[in-house]
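J.: how would this look folded up:
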Amino acid sequence: MANNSFFVVIEGIDGAGKTSIARELCNILRQTLGENVLLTEEPHNESLMGAEIRSALRRERELRPVELAQAFALNRSSHLKSVIECHLQKKQAVVICDRYLLSSLVYQTRDDITMEDIYQLNRWARSPDLTIVLNVSAHIAYQRMDERSKSARELFENDLPTRLKKYCAGIEMLREEGQRIIEICGDGELSDVIHDVLGALEEGAPPWLRIQPPLLLA
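T.: Residues are numbered from 1 along each chain as shown. Predicted coordinates:
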């Protein structure tokens, strides 16, 4: 936690609710830290290769698996340099990132590209101070995806049971590398999940990170 900064990542399969949780967490932390709290996401649209990745995820262009993995690594490098690390240089700064390296380990592995290959491709990436993983059942995740969009699913929004297994393997790998990861049940209502996320954050955050309990969520 250099310069009294804090880098937290929210992870989970599609439909886990991570984007909603990341936004709500940002709103809560801004009550005490104001603009020192930055919410961002990966892939990062404004960073290198962002447009190409989004196009591939929407199935508008085709990238070979190794090309997509390399594109994500380039995007992460650009995102880290121009956004994340720039913000974390401030005193008592917080960055909340919706997806990060764990997602690469899960979504970019194939029969011919192992999780270790993906990790080595991203071995230079800054480690989060805390990763919070929202665990949900495939049934709940599919239900949420169907509720939010009737359009065709993106490239990786299928075969969620396999993604869940890969998340378990990716979490184990990163924990062995010394990363701090806390798993939270994400099946419940937003208010219940954010309560558990705040508990995890209080457990893993530095003393200066003051958390204002949220008002009743809609």
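
J.: low pLDDT regions in the chain?
T.: Applying pLDDT under 70 to the chain flags the ranges 1-3, 148-158, 213-218.

J.: Please, where are all the strands along it?
T.: For the chain, the strands defined by DSSP state E occupy 6-11, 37-41, 94-98, 130-135, 181-185.

J.: and the angle from the first one to strand 181-185?
T.: It refers to strand 6-11. Strand 6-11 and strand 181-185 are oriented at 40 degrees to each other (axes from the mean of the first three to the mean of the last three C-alpha atoms, to 10 degrees).

J.: Neighbouring strands of strand 6-11 in the sheet, and parallel or not?
T.: The pairing partners recorded for strand 6-11 under DSSP bridges are strand 94-98 (parallel), strand 130-135 (parallel).

J.: looking at these, which is closest to residue 88?
T.: Minimum separation from residue 88 across the strands paired with strand 6-11 (C-beta to C-beta) falls at strand 94-98, 5.9 Å. Placement of C-beta: from N, CA and C, glycine included.

J.: what residues does the closest one touch?
T.: Strand 94-98 has contacts (C-beta atoms under 8 Å, 6 or more residues apart in numbering) with 5-10, 18-19, 22, 25-26, 29, 33, 36-42, 84, 87-88, 128, 209.

J.: For that strand, buried residues please.
T.: 94-98 (16 or more other C-beta atoms under 10 Å).

J.: quick one, which of the strands of the chain is packed in tightest?
T.: strand 6-11 (a mean of 26; mean count of other C-beta atoms under 10 Å).

J.: just to revisit the earlier point, dump the strands of the chain to CSV, plus distance to residue 147.
T.: Below are the strands of the chain laid out as CSV (distance: least, C-beta to C-beta, whole Å):
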stretch, distance to residue 147
strand 6-11, 20
strand 37-41, 21
strand 94-98, 19
strand 130-135, 17
strand 181-185, 19
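
J.: if we can go back for a sec, the strands paired with strand 6-11: which one's closest to residue 64?
T.: Of all the strands paired with strand 6-11, it is strand 94-98 that lies closest to residue 64, at 25.7 Å by C-beta to C-beta.

J.: could I get the closest one in PDB with only the CA atoms?
T.: C-alpha atoms of strand 94-98 as PDB (Å, rounded to 0.1, in the frame of the first residue of the first chain):
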ATOM      1  CA  VAL A  94      -8.500   4.200  -3.600                       C
ATOM      2  CA  VAL A  95      -8.900   2.500  -7.000                       C
ATOM      3  CA  ILE A  96     -11.800   0.100  -7.400                       C
ATOM      4  CA  CYS A  97     -11.400  -2.100 -10.500                       C
ATOM      5  CA  ASP A  98     -14.200  -4.100 -12.000                       C
END
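
J.: Report the distance from it to the chain centre.
T.: Centroid displacement of strand 94-98 relative to its chain, using C-alpha atoms, centre = their mean, to the nearest Å, is 8 Å.

J.: Helices of this protein, residue ranges please.
T.: Applying DSSP state H to the chain gives helices spanning 18-33, 50-57, 65-79, 85-88, 101-107, 115-121, 138-148, 160-176, 190-204.

J.: quick revisit: between the strands of the chain, which one is nearest to residue 204?
T.: Between residue 204 and the strands of the chain, the shortest gap by C-beta to C-beta is with strand 130-135, which sits at 4.2 Å.

J.: starting at the chain centroid, how far to the closest one?
T.: 8 Å.
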